[in-house]
Every structure is written in structure tokens, then in C-alpha cells.
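Enquirer: A predicted structure for the sequence below; I have some questions about it.
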Amino acid sequence: MKITILTLFPEMFQGPFNLSIIKRAKEKKLINIKYINIRDFGIGKHKLVDDTPYGGGNGMVLRVDVLHKAIEKARDKKLKRDAQKIILLGAKGKTFNQRTAESFSKLKHLIIICGHYEGFDERIKNFVDEEISVGDFILTGGEIPAMLITDSVVRLIKGVIRDGSATFESFSPFLEHPQYTKPQKYENLSVPEILLSGNHERIETWRKKESVNITSKLRPDLIK
């Protein structure tokens, strides 16, 4: 899978993406992460990427012409439309969740556009497939959400993590069941006996039941 990130600050990704699971996925050549600096398409000698908003207001707005050129540079012209998706990171978008991550992980190419300043010229939405938000809060830019989305998508690609590791994780589709490890007893707190029984069929039944109970209590919106 190829992931292309359009950003004004490509250097922000070097630390997080050179460690742990994403690093191993790159080494195995399961993913290819590319960065496109939006400023490379800026206007004039000073490579301007933003301007003041029409109608007045505070802050600066990213220009549609600059962003569109960056998108066209990122787009893989050889891929079919349903194998490639362009997403814009913004507060007005659909909230990102595990189902979205699963759908993105099946793509050949995911293009992520990081916003900055006071946002985008609204016309850029005519050149993307979807706007995505990571939650009801404001960040300085789209770089951290892009890291979050990339991490959640990459770990779902076949071969990135051990087969079966993601089967009972949270949001697949419920919250994950409780987990325990050594010591067996700590300050009068014991591991549930069922987990020590060695009966894997009963253990799996218990885990599924606990998963549903926890989800019902903490996230009833996930129960259908």
C-alpha cells in the first residue's frame, strides 16, 4: 500500500514513522509512505500557500490553486478510482473510526491532506473524495491526525502484525474484553478462574460475553 501525505511540515513525521510497527512495515515493503511539501507549489518568490479570507476575518486560508497542484502531483494516474482515495483532514468531516480504518486499509493508495492556519479554501472539496475529522476538538494542523490515521490503517494491512492479533481488539466490533497476566494474585486481586481453566472454548465464550457487557456499559452507542 502507498500512503502520500500532503503537508507543510514533512519533518514532523520522521520520528513517529521511524519506530515500531510502521518502521517494520516499511522495512518489509508492505507500505510506502511518501511526503509532498505543499510549499513546493506555492506562489511567487516566497512560495506563498495562503492568503487572507474574502469578506474579512482572522487568520489565513490555504489557497485552492496551490492545494490542487499538490493533489495532482500526488495522484497515481494509473490506478482505478476505487483503488485510490483522497481525504482532507478538517473539523467538518465525518468522524474517523475503526470501520473507516478498515476500508482505507484495502486501498492501493491513500492520499492525506493536512490543513493548517484557518483552514482551506472551500473549493478544494471539489477535488477530494472525503473530509475526515478525528474528533470534536481543534489542533494546530492536520499532521497529528494524519499520523493517527496512518498508524490505525497500517496495522490492519495483511502481514504488518501477527495474524489474528487484531481479531478481538476494541471496535471489532465491540470494546475489547479484559486482559490479565502475571502475577496470578496481587494485593487480594485475582485473575478470573475461567482464564486459568485451560478450556479454550469456555474462555472464548467468557471473553465475548465480557466484551458485550463492557460495551453495553461504556459505549452503548456501539451496540446494535
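Expert: Yep, that arrived.

Enquirer: how deep is Arg81 tucked in, by neighbour count?
Expert: By other C-beta atoms under 10 Å, 7 other residues sit near Arg81. In this view, the C-beta of every residue, glycine as well, is placed from N, C-alpha and C.

Enquirer: do you know how far it is from Glu131?
Expert: 18 Å (C-beta to C-beta, to the nearest Å).

Enquirer: Report the contact partners of the most centrally placed residue in the chain.
Expert: Centroid check for the chain by C-alpha atoms, centre = their mean gives Ile149 as the closest residue, at 0.9 Å. Residues in contact with Ile149 (C-beta atoms under 8 Å, 6 or more residues apart in numbering) are 87, 89, 96, 101, 104, 112, 132, 134.

Enquirer: So what does Leu148 look like in phi/psi?
Expert: The phi/psi pair for Leu148 (degrees, to the nearest 10) reads phi -60, psi -50.

Enquirer: So it is in contact with Val134, correct?
Expert: Yes - the pair Leu148 / Val134 is scored as a contact, 5.8 Å apart, by C-beta atoms under 8 Å.

Enquirer: Find residues that contact each of the two.
Expert: Common neighbours of Leu148 and Val134 (C-beta under 8 Å, 6+ apart) are Phe96.

Enquirer: And those two? Which one has more around it.
Expert: Val134 (19 against 16).

Enquirer: So for the residue nearest to the centre of the chain, what's the pLDDT?
Expert: Looking at Ile149, its pLDDT is 98.

Enquirer: any idea how far it is from Ser103?
Expert: From Ile149 over to Ser103 (counting by C-beta to C-beta), the distance is 12 Å.

Enquirer: repeat for Glu201
Expert: 32 Å.

Enquirer: try Ala83
Expert: Counting by C-beta to C-beta, the gap from Ala83 to Ser103 is 12 Å.

Enquirer: what does Ile223 give?
Expert: For Ile223 relative to Ser103 (C-beta to C-beta), the value is 21 Å.

Enquirer: ditto for Val61
Expert: Distance from Val61 to Ser103, by C-beta to C-beta: 30 Å.

Enquirer: who has more neighbours, these two?
Expert: When neighbours are counted by other C-beta under 10 Å, Val61 comes out ahead of the other of Val61 and Ser103, with 19 against 12.

Enquirer: Work out the gap between the longest strand along the chain and the centre of the chain.
Expert: Taking DSSP state E as the criterion, the chain has its longest strand at strand 84-95. Distance of strand 84-95 from the chain centroid (C-alpha atoms, centre = their mean, to the nearest Å) equals 10 Å.

Enquirer: State the mean pLDDT of stretch 123-142.
Expert: On average, stretch 123-142 scores 94.

Enquirer: buried ones in that stretch?
Expert: Neighbour-count burial for stretch 123-142, counted by 16 or more other C-beta atoms under 10 Å, picks out 124-125, 128, 131-134, 141-142.
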